[in-house]
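S.K.: Here's a sequence, model it:
(chains A and B)
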Amino acid sequence: MADTRDGAAMALAVEGRGLTYRYRGGGGISAIDLFVPRGAVYALLGANGSGKTTTIRLLLGLLRPQAGTLRVLGHPDPARSGAGRRAVGALVEAPSLYPHLSGRRNLEVTARLLGVSRSKVDQVMAEVGLDGRDRDRKARDYSLGMKQRLGLAFALVGDPELLVLDEPGNGLDPAGMVQMRHMVAALARERGITVLLSSHLLGEVEHLATHVGIIESGGLRYQGRLGDLVPASGGQLEIASAEPALALARLGELAIPASAAGAGLIHIELPVDGCSDQVDRELLLRLVEAGVPFHAFHRRRVSLESRYFALTGRAGE
Amino acid sequence: MNSLLPSAWVAEAMKLRGTLALALAVFAPVLVVALFCAQMLLAPSPSVPPAGGEQAWLALIRGMLALWCFLMLPLYVTLQAALLANMEHANQQWKHLLALPVPRHQHFLAKGWALGLLSCLSAATLYVGVLLAGYVLPWIKPSLGIGGPPPWQALLGSIVAATAASALMAVLQMFIALRARSFTVAVGTGMAACVAGFLIGKSDRFGPLYPWTMPLHTVVQGGAQQWPLAAIGLSAAVLSGGALAYWLGRYPPE
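M.R.: Here you go, the predicted model:
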């Protein structure tokens, strides 16, 4: 039994049980169980003030839990474990830069604190796309995207096993976000780094994460594989009909679950494990053969956004 | 050499490049020397000339050091401490620094070390400035009576003692600047402490032990108390600096 538990712990990069940190003025997190598997890209999703940054600060040892236990890469008490902290690279909120120093010099300061060689500095700067003249420009002259990339370089220069990124897409333009997403995905895929990121950009997360945790008002509402929350298949087929009542009646005769969505639209529920172009074709053929009146159709996937709002109850806000 | 120093100390020195701290370290003592020279040149010649070149040298040293220790040094330490702390406060560096695998108190000790280094740089500049003034002034105004070889050792002793005695003030000022996120609070506290020194410094009982006037008291009375005060200031700074760095490590600024 103990072996099984140890094995499970080894497979987790982050294991938090009953994590609690409440601020005096309100807010924080309460009794969160957080499990981040090694090698995963785990996205912590939540609105502003939901507790994402508090959770990240606890992971980094910037706050100490008022209750609960936390193991990061197998090390208990990340605030005190030098070895544990050495294996974690972090970008918390906006990158912390010295504006009067060049990008390279900024990274050298962090490298010096980590005891990392200067050659590694150049390597990491090239990795995040800050080479050539950009390296020697003052950080104050960097664009927001460049600052964010330099922040990522800070997190990477110590060769971390776990990368913690708090809102890495903040302030980036669409191209910058795509670039950041590709960089993070490559780190996880090619170097096996576990990534824990917080975000409220659901579309970005859907492209990047393997696991998600949905946090709301300091509590974790969901945690698990993205694929379990948002199946790749399934969803709805939406048809438009000039005679929706007749169409619904015919669908009922065919025992196909459907519901009126107003404005002549009807939503047909598709099976989670049986949705493909072939299934769509067969279904449409059945509708035509059965004389269901419709003149247009399209497939509606279950999105992370719809699941997020369903879990947090924020849809109407 | 770098590898002998804790990494946080070397990193602190790296951060100073391109800041006003280094310029201020040179400018502050140069300003004191320049102002004192201007005053000596513009004032009427002494009716009774000093008894010998060495006495005139000593009068010059005491005058410049008194101006330095009483007014410029406390303000200088206040500004430098606020500047060093603000490098981290202004850019929200603490969350980055404190998440690194470096013992937290090292970051705060490094700040104290940097402030000490800057004070030493100013002291060295002052040393050179006083000597230059002693050579140039008699050439412009011979009636000042400065002549002969400069009292190297007396000058060096006075500056070393004053700098050592200022260490406690530097530690306290650094702590305030690190703890208070506001630049105004850090500078305001230093200014208030400096103004209080105008009154407290006159007290024979409290003046020598008040951190903001302790350096001045190494200079007065012909420097009779300079080494005891230097020893008290330095040892109190080491003890309190270590304790405060440890405390800041446990309850760091956010």
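
S.K.: Give the ranges of residues in chain B that sit below the confidence cut-off.
M.R.: Under the criterion of pLDDT under 70, the regions of chain B flagged as low confidence span B:1-4, B:46-50.

S.K.: So which bits of it are right by chain A?
M.R.: B:7-8, B:10-11, B:14-15, B:17-19, B:87, B:91-93, B:95-103 (Cβ under 8 Å from any Cβ of the partner chain). (C-beta placed from N, C-alpha, C; glycine too.)

S.K.: at 7 Å what do you get?
M.R.: Residues of chain B lying near chain A by Cβ under 7 Å from any Cβ of the partner chain: B:7-8, B:10-11, B:14-15, B:17-19, B:87, B:91-93, B:95-96, B:98-102.

S.K.: Can you list which of those residues are found in helices?
M.R.: Among those, the ones falling in helices (DSSP state H) are B:Ser7, B:Ala8, B:Val10, B:Ala11, B:Met14, B:Lys15, B:Met87, B:Lys95, B:His96, B:Leu98.

S.K.: will you turn these into JSON lines that also has neighbour count?
M.R.: Output for these, formatted as JSON lines (neighbours: other Cβ atoms under 10 Å in any protein chain shown):
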{"residue": "B:Ser7", "neighbour count": "20"}
{"residue": "B:Ala8", "neighbour count": "24"}
{"residue": "B:Val10", "neighbour count": "18"}
{"residue": "B:Ala11", "neighbour count": "24"}
{"residue": "B:Met14", "neighbour count": "18"}
{"residue": "B:Lys15", "neighbour count": "22"}
{"residue": "B:Met87", "neighbour count": "21"}
{"residue": "B:Lys95", "neighbour count": "22"}
{"residue": "B:His96", "neighbour count": "25"}
{"residue": "B:Leu98", "neighbour count": "21"}
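
S.K.: Where does the residue nearest to the spatial centre of chain A fall, secondary structure wise?
M.R.: Geometric centre of chain A, nearest residue: A:Ala43, 2.5 Å, by Cα atoms, centre = their mean. If you go by DSSP states H and E, A:Ala43 is part of strand A:41-45.

S.K.: same for that strand, what does it pack against?
M.R.: Secondary-structure packing of strand A:41-45 (3 or more Cβ pairs under 7 Å, 6 or more residues apart in numbering or on different chains; DSSP states H and E): strand A:194-199, helix A:202-208, strand A:211-216.

S.K.: most packed of the ones you listed?
M.R.: strand A:194-199 (a mean of 25; mean count of other Cβ atoms under 10 Å in any protein chain shown).

S.K.: which helices and strands does it pack with?
M.R.: Under the contact criterion of 3+ Cβ pairs under 7 Å, 6+ apart, strand A:194-199 touches strand A:41-45, helix A:52-59, strand A:162-166, helix A:174-191.

S.K.: how about a cut-off of 6 Å?
M.R.: On a contact count with 3 or more Cβ pairs under 6 Å, 6 or more residues apart in numbering or on different chains; DSSP states H and E, strand A:194-199 meets strand A:41-45, strand A:162-166.

S.K.: Need the contact partners of the last one.
M.R.: The reference is to strand A:162-166. A:13, A:53, A:56, A:59, A:73, A:88-93, A:155, A:193-198 (Cβ atoms under 6 Å, 6 or more residues apart in numbering or on different chains).

S.K.: same check, this time on stretch A:58-67
M.R.: Residues from elsewhere that reach stretch A:58-67 (Cβ under 6 Å, 6+ apart): A:Gly18, A:Leu19, A:Thr20, A:Tyr21, A:Arg57, A:Pro78, A:Ala79, A:Ala90, A:Val164, B:Lys95, B:Leu98, B:Ala99.

S.K.: ok, those residues vs B:Pro228, which is closest?
M.R.: Distance to B:Pro228, by Cβ to Cβ, is smallest for B:Leu98 among the contacts of stretch A:58-67, at 38.8 Å.

S.K.: Check the gap between the closest one and B:His217 for me.
M.R.: Note on B:Leu98: its distance to B:His217, by Cβ to Cβ, to the nearest Å, is 38 Å.

S.K.: How about A:Val230?
M.R.: Distance from A:Val230 to B:His217, by Cβ to Cβ: 74 Å.

S.K.: likewise B:Val187?
M.R.: Distance, B:Val187 to B:His217, by Cβ to Cβ: 24 Å.

S.K.: For chain A, list the residues in contact with chain B, please.
M.R.: For chain A, the residues in contact with chain B (Cβ under 6 Å from any Cβ of the partner chain) are A:60, A:62, A:82, A:85-86, A:90, A:92, A:96-98, A:100, A:109, A:112-113.

S.K.: and those as JSON lines, adding pLDDT, secondary structure and neighbour count?
M.R.: Formatted as JSON lines, these follow (pLDDT from 0 to 100; DSSP: H, G, I helix; E, B strand; the rest coil; neighbours: other Cβ atoms under 10 Å in any protein chain shown):
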{"residue": "A:Leu60", "pLDDT": "89", "secondary structure": "coil", "neighbour count": "22"}
{"residue": "A:Leu62", "pLDDT": "88", "secondary structure": "coil", "neighbour count": "21"}
{"residue": "A:Gly82", "pLDDT": "69", "secondary structure": "helix", "neighbour count": "11"}
{"residue": "A:Arg85", "pLDDT": "79", "secondary structure": "helix", "neighbour count": "25"}
{"residue": "A:Arg86", "pLDDT": "83", "secondary structure": "helix", "neighbour count": "19"}
{"residue": "A:Ala90", "pLDDT": "91", "secondary structure": "strand", "neighbour count": "25"}
{"residue": "A:Val92", "pLDDT": "85", "secondary structure": "coil", "neighbour count": "23"}
{"residue": "A:Ser96", "pLDDT": "86", "secondary structure": "coil", "neighbour count": "22"}
{"residue": "A:Leu97", "pLDDT": "92", "secondary structure": "coil", "neighbour count": "23"}
{"residue": "A:Tyr98", "pLDDT": "94", "secondary structure": "coil", "neighbour count": "22"}
{"residue": "A:His100", "pLDDT": "94", "secondary structure": "coil", "neighbour count": "18"}
{"residue": "A:Val109", "pLDDT": "95", "secondary structure": "helix", "neighbour count": "25"}
{"residue": "A:Arg112", "pLDDT": "93", "secondary structure": "helix", "neighbour count": "21"}
{"residue": "A:Leu113", "pLDDT": "92", "secondary structure": "helix", "neighbour count": "25"}
